[in-house]
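A.B. asks: Fold the following for me, if possible:
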Amino acid sequence: MITAFAWPSAKVAPREVPIVVAGPGADRVAAAIGHERPGMFDLKVRSDEASARRALTGRDAYGAIVVTPAGPRVLVASAASSMIAQQLGQMAALLPAPGRAADAGHAAPAVQDVVPAASDDPRGTGFGAMVLPLVMSGIAGAVLLTVAVRSVRWRFAGVLLFAVAGGFATAWLARYGLSLLPGSYWEIAGVTSLSILACAATVAGLAAVLGRPGLGLGGLTLLLVGNPLSAATSAPEMLPRPWGEIGQYLPPGSAATLIRATAFFDGARIATSLAVLASWALGGLLLLVLGGLRDRGRAVPASAREAEPVPA
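C.D. replies: Predicted coordinates:
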């Protein structure tokens, strides 16, 4: 468990992080950054600052360096990743203006946060801490329903009700209680409900098919694999490859990305995360139904045998 949680944090570093360079001389600046920091950034050149801003608000890039005659200016989106925003500010401070020799006396570039994190959570630590309770609540709900409810029909309904109630309660706490998330309460409640449903349905479905071992398999997969790879406190591009990408196809990683995009970026580029969570949720519910049908099929022959007359 220590390895599962500590290893991703110990290996955090930029790996092909999408960054935009815009303005006159952007090609030269991008080439210089790529030469000095190979493999760290996926540099994309844009014509002007407006297109760079659109890349940030549309979640196509984590930051931008806008080249001007007076020197570079840095645009960041701390809502996407405060860790990357800090690193961009440190990196850009070393860049001189075009045509000016690098020296220790040039002023550090201005940094503007285009999509800031919540004012009560400027470093995003509160947001990052949301993912683990979401996962654990889904697991806990599935375990409780599996142990306490014998009827698969009622277990199915219980998973849905638990996800909706948990999602709306979590959204209220994050939106109003702790002020971790801006945006529409109803939209946040919807995506948090889907996130809990994906976790709860997966564990309950595996338990219906595999029995009690399914609880352990589902819970450990989500908790010890999915949560450390969710990149909720950093970014998928900050984890070693291919683990960052793999984490986005597990419920914790998709949940973090979906909630972040919904709350801070008006739902930009949420299709993949929605599809991943919906697939896990539907897959878990399908397993739950199949497990119930299998158990019913086993019970019918047993009842028929008991009803057969005993020959004299």
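
A.B. asks: going forward, measure contacts between C-alpha atoms and count neighbours the same way
C.D. replies: Fine.

A.B. asks: what ranges do the strands span in the chain?
C.D. replies: Using DSSP state E, the strands of the chain run over 17-22, 41-46, 63-66, 73-76, 111-113.

A.B. asks: Now find how far off-centre the longest helix that the chain contains is within its chain.
C.D. replies: Once the chain is assigned using DSSP state H, the helix that runs over the most residues is helix 271-307. Here the centre of mass of C-alpha atoms in helix 271-307, compared against the chain's by Cα atoms, centre = their mean, to the nearest Å, lies 28 Å away.

A.B. asks: going forward can the numbers begin at 701, since that is how I track them
C.D. replies: Happy to do that; since the first residue is 701 now, the last one works out to helix 971-1007.

A.B. asks: same for that helix, what does it pack against?
C.D. replies: helix 852-872, helix 885-910, helix 951-964 (3 or more Cα pairs under 8 Å, 6 or more residues apart in numbering; DSSP states H and E).

A.B. asks: 7 Å - rerun?
C.D. replies: Packing contacts for helix 971-1007, counted by 3 or more Cα pairs under 7 Å, 6 or more residues apart in numbering; DSSP states H and E, involve helix 885-910, helix 951-964.

A.B. asks: what mean pLDDT does the longest one have?
C.D. replies: In this model, helix 885-910 has an average pLDDT of 97.

A.B. asks: And for stretch 744-761?
C.D. replies: So the average pLDDT for stretch 744-761 ends up being 95.

A.B. asks: Give me the distance between it and the centre of its chain.
C.D. replies: Using Cα atoms, centre = their mean, the distance from the centre of stretch 744-761 to the centre of the chain it belongs to is 22 Å.

A.B. asks: again with stretch 767-787
C.D. replies: Computed by Cα atoms, centre = their mean, the chain-centroid distance of stretch 767-787 equals 22 Å.

A.B. asks: now swap in stretch 811-828 and tell me
C.D. replies: Distance of stretch 811-828 from the chain centroid (Cα atoms, centre = their mean) equals 16 Å.

A.B. asks: outside of it, which residues touch it?
C.D. replies: 757, 773-779, 782, 789, 879-882, 932-933 (Cα atoms under 7 Å, 6 or more residues apart in numbering).

A.B. asks: and those residues, which of them are in helices?
C.D. replies: Judged by DSSP H, helices contain the following of the contacts of stretch 811-828: 757, 782, 789.

A.B. asks: What separation do you get for the first one and residue 826?
C.D. replies: Spatial separation of residue 757 from residue 826 under the definition Cα to Cα, to the nearest Å is 21 Å.

A.B. asks: what residue ranges in the stretch 801-950 of the chain score low on pLDDT?
C.D. replies: In the prediction, the stretch 801-950 of the chain carries residues with pLDDT under 70 at positions 801-808.

A.B. asks: beta partners of residue 720?
C.D. replies: Judged by DSSP bridges, the bridge partners of residue 720 are residue 744, residue 764.

A.B. asks: if I pick it, what's in contact with it?
C.D. replies: With contacts defined as Cα under 7 Å, 6+ apart, the neighbours of residue 720 are 743-746, 752, 761, 763-765.

A.B. asks: What sits closest to the residue positioned nearest the centre of the chain if chain neighbours are left out?
C.D. replies: In the chain, the centroid-proximal residue (Cα atoms, centre = their mean) is residue 956; its distance is 2.5 Å. When the adjacent residues along the chain are set aside, residue 956 lies closest to residue 932, with 5.7 Å between them (Cα to Cα, 6 or more residues apart in numbering).

A.B. asks: again, but for residue 884
C.D. replies: Closest residue to residue 884 in three dimensions, ignoring its sequence neighbours and counting by Cα to Cα, 6+ apart: residue 963, at 7.2 Å.
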